[in-house]
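Student: 3D model of this:
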Amino acid sequence: LIVFATADQGLGVYDGTSWTNLSPNEGLLSNNLRDIAYDNSGRLMVASTQGLNVHTDLGWLDYGIDLVVLGIDTEEEKHDYLSFDRVIEDSEGILWSVSAKGIFRWDWHRSNVGELLAENKITRIDFFADTFSTVSGDTILTGIIQEESTAILDLGGGAIVVGTKSEGLEFYDPTDGSFWYLNEDNNPDFPSDRILSLDLAGDSLYIGTQHGLVIYDLTDSLIVYSNEDSLLNRKVVDVMVGSDGRIHIATRDGYNIIDLTAAQGSQYIALDKDSIPEFGTNKLQALKELDDGTIWIGTENSVVRYQNGQWENWAPTAGDQFIIKSRKPFSAHDVLTFSTVGADIDVTAPSSLLEEIAVVPNPYVVTASWEPQHLYNSGRGVRKIDFIHLPPECTIRIFTISGKYINTIEHNSEIWNGAESWNLLSGDGLEIAYGIYLFHIDAPGIGSHVGKFAVIK
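Tutor: Numbers count the residues shown, from 1 in each chain. Got it, this is the predicted structure:
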């Protein structure tokens, strides 16, 4: 079975032929899911905004706690559920979860009480008694540098790494229960303290940040790789090291594959909805590879599968029906009206938006003409760079760093397609040399923009 967590529609379960939806009607605490994972005994854990569900042979167990607080000026109760945003069970059998409220740790096989650790505050939660108590103050030292956490990963031996919203990484040391940190303050090579995703392969920690990908060597405590310029979008929403050793990255502008071990040097593949129509969108959410090499990608509105050299998706297609059910009976006098609003251009938008125009990949690594062209298994793919975030109509002129004219590209596209490809040939059809190049964007009625990119061997 393949299981997907959705933001507001519960679980989607695929058995190889059909899909089944699971919601609170089937025992989930909420349709608003944040994460799914398996515990050490193979049970499915479902993290949601209202707690944790665990699937057993007898059905769903739920671990939810309502941290009820009283209104400041009234006695009206407010519901404040403990959200499980990411969840894992580590190699020692400890349950961990993170959310905006801090880091939750529970030795759930040996105790009824878990601890929610925040800055100078500890909340002890008894799930079986449905009670909680909080101690706080300057004397409470939890070691947490920031409560708002975004990712968590088991490093083995009871060690944990937590990604935070704006303070980098927090590493938990099980030998003394302390935390140590990796962020911009103590390492100038760290590109961003906002962590979006994590993965582990061997002794290397792969870190998706707001400003690109970082590889951190846990053995030598060194950053061995950092890159944002060669990605479709520097916000690394999800990162995964595949069974082929390549790095797979989901972004809001498509799918990157990075091979740092290729004999010809580092190779970068960029895939988007133009090259892979099955994506349907460039806003990707999650990546997962199965034991048989099948890769599943969650997008903002569908799921995509790569299997046996073929891409498939389950997005709505012509002939699908959208059914609306109402609990209020209709009468013969009821009239249902609706309207749609098409995309348009904001002509008052500031010309500063042109600053978002970029070239990907940058730098472009020159590859040989005999290199295989298969988009996934090997090779760089089609030789091109892409200008992204373009207005619907503009002219792109390309020059050498010394000002020699190379080529002109006219961009005229649909309003929702802000990308234009260039095949790295001059206006005379000749291959360009490696070096630094300038590009000038002229957008009528909006303004102009100048940028640069590199072509290297």
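Student: Wait, a helix at residue 353?
Tutor: Yes - counting by DSSP: H, G, I helix; E, B strand; the rest coil, one finds residue 353 located in a helix.
Student: tally of neighbours for it?
Tutor: Neighbours of residue 353 under the rule other CB atoms under 10 Å: 15. For every residue, glycine as well, the C-beta is placed using N, CA and C.
Student: What of residue 92?
Tutor: When neighbours are counted by other CB under 10 Å, residue 92 registers 14.
Student: okay but it is in contact with residue 160, surely?
Tutor: No - if you go by CB atoms under 8 Å, residue 92 and residue 160 don't touch, sitting 10.0 Å apart.
Student: could you list every residue that touches the closest residue to residue 383 other than its chain neighbours?
Tutor: In space, and not counting its chain neighbours, residue 383 is closest to residue 424: 5.5 Å by CB to CB, 6 or more residues apart in numbering. By CB atoms under 8 Å, 6 or more residues apart in numbering, the contact list for residue 424 reads 364, 383, 384, 385, 431, 432, 455.
Student: Where does pLDDT dip in this structure?
Tutor: Across the chain, the ranges flagged by pLDDT under 70 are 69-78, 315-317, 342-352, 367-382, 414-417.
Student: Quick check, central residue of it?
Tutor: The centre of the chain sits closest to residue 237, judged by CA atoms, centre = their mean, with a distance of 1.9 Å.
Student: how far out from the middle of the chain is stretch 33-45?
Tutor: In terms of CA atoms, centre = their mean, to the nearest Å, the centre of stretch 33-45 is found 19 Å from the chain centre.
Student: Residues contacting it, please?
Tutor: 3-7, 10-11, 46-49, 52-56, 83-89, 91, 93, 95.
Student: How many residues are close by the residue nearest to residue 248 when sequence neighbours are not counted?
Tutor: Spatial nearest neighbour of residue 248, chain neighbours left out: residue 240 (4.6 Å); criterion: CB to CB, 6+ apart. Residue 240 has 19 neighbours, counted by other CB under 10 Å.
Student: Repeat that for residue 163.
Tutor: The tally of other residues near residue 163 (other CB under 10 Å) stands at 24.
Student: Who are the contact partners of it?
Tutor: Taking CB under 8 Å, 6+ apart, we find residue 163 in contact with 149, 150, 151, 152, 169, 195, 196, 197, 198, 207.
Student: ranking those residues by neighbours, who comes first?
Tutor: Of the contacts of residue 163, with other CB under 10 Å as the count, residue 207 tops at 29 neighbours.
Student: which residue sits closest to that residue in space, ignoring its chain neighbours?
Tutor: Closest to residue 207 by CB to CB, 6+ apart is residue 214, at 4.2 Å.
Student: Can you give the strand pairings for the helix or strand encompassing that neighbour, parallel or anti for each?
Tutor: Element membership of residue 214 [criterion: DSSP states H and E] is strand 212-217. If you go by DSSP bridges, strand 212-217 pairs up with strand 204-209 (antiparallel), strand 222-227 (antiparallel).
Student: Name the residues that touch it?
Tutor: Identification of contacts with strand 212-217 by CB under 8 Å, 6+ apart yields 182, 190-192, 203-207, 222-229, 231, 234, 236, 239, 247, 249, 258.
Student: Next, count neighbours for the residue nearest to residue 49 when sequence neighbours are not counted.
Tutor: Leaving aside its sequence neighbours, residue 49 sits nearest to residue 32 (CB to CB, 6+ apart; 4.3 Å). Using other CB under 10 Å, residue 32 is surrounded by 16 other residues.
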